[in-house]
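only the shape, not the letters, is given here:
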């Protein structure tokens, strides 16, 4: 019988960690964005994709999911060497935006 530990498989280094948190909970609060990924959404909302953010808020790591097209477009313009960065997500014209 094989043991998993002998297979040489390790956890991905870029795993997202922390409790899930809702966007409304961190609106207008200072957060630090460590990394992100855009993947297929489980819901038929927006463009069918969701943004997954690894954030730090109040000294704890969290994972934030959103289907906001605006946030997806904005974060894709941040150069990779500028992560992590500090921001606040605010509602501007009824759309969440990094500020």
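Perfect, I can see it now. Predicted model, so just to flag it, every value in this text is computed and none were measured.

how close does the residue nearest the centre of the chain sit to residue 4?
In the chain, the centroid-proximal residue (Cα atoms, centre = their mean) is residue 53; its distance is 0.6 Å. Distance of residue 53 to residue 4, computed by Cβ to Cβ, to the nearest Å: 30 Å. To be clear about C-beta, it is placed using only N, CA and C from the backbone, and glycine gets the same treatment.

what helix or strand is the nearest residue to the residue nearest to the centre of the chain once chain neighbours are set aside on?
Spatial nearest neighbour of residue 53, excluding adjacent residues (Cβ to Cβ, 6 or more residues apart in numbering): residue 64 at 4.4 Å. If you go by DSSP states H and E, residue 64 is part of strand 60-66.

contacts for the biggest helix by length in the chain?
Among the segments of the chain that qualify as a helix by DSSP state H, the longest is helix 69-75. Helix 69-75 is contacted from outside by 33, 36, 38, 46-47, 49, 51, 53, 89, 95-98, using Cβ atoms under 8 Å, 6 or more residues apart in numbering.

looking at it now, give me its mean pLDDT.
Averaging pLDDT along helix 69-75 yields 97.

next secondary structure element downstream of that helix?
Toward the C-terminus from helix 69-75 - assigned by DSSP H and E - lies strand 85-92.

what pairs with the longest strand anywhere in the chain, parallel or antiparallel?
Counting by DSSP state E, the longest strand found in the chain is strand 30-40. Sheet pairing here is set by DSSP bridges, and for strand 30-40 it gives strand 49-57 (antiparallel), strand 85-92 (antiparallel).

ranking these by burial, who's on top?
strand 49-57 (a mean of 19; mean count of other Cβ atoms under 10 Å).

how distant is that one from the center of its chain?
Centroid displacement of strand 49-57 relative to its chain, using Cα atoms, centre = their mean, to the nearest Å, is 1 Å.

hmm, residue 25 and residue 66 touching each other?
No - under the criterion of Cβ atoms under 8 Å, residue 66 makes no contact with residue 25, lying 11.9 Å away.

out of the two, which sits in the more crowded spot?
residue 66 (18 against 10; other Cβ atoms under 10 Å).

ok, now which ones touch the more buried one?
Contacts for residue 66 (Cβ under 8 Å, 6+ apart) come out as 23, 50-51, 53, 96.
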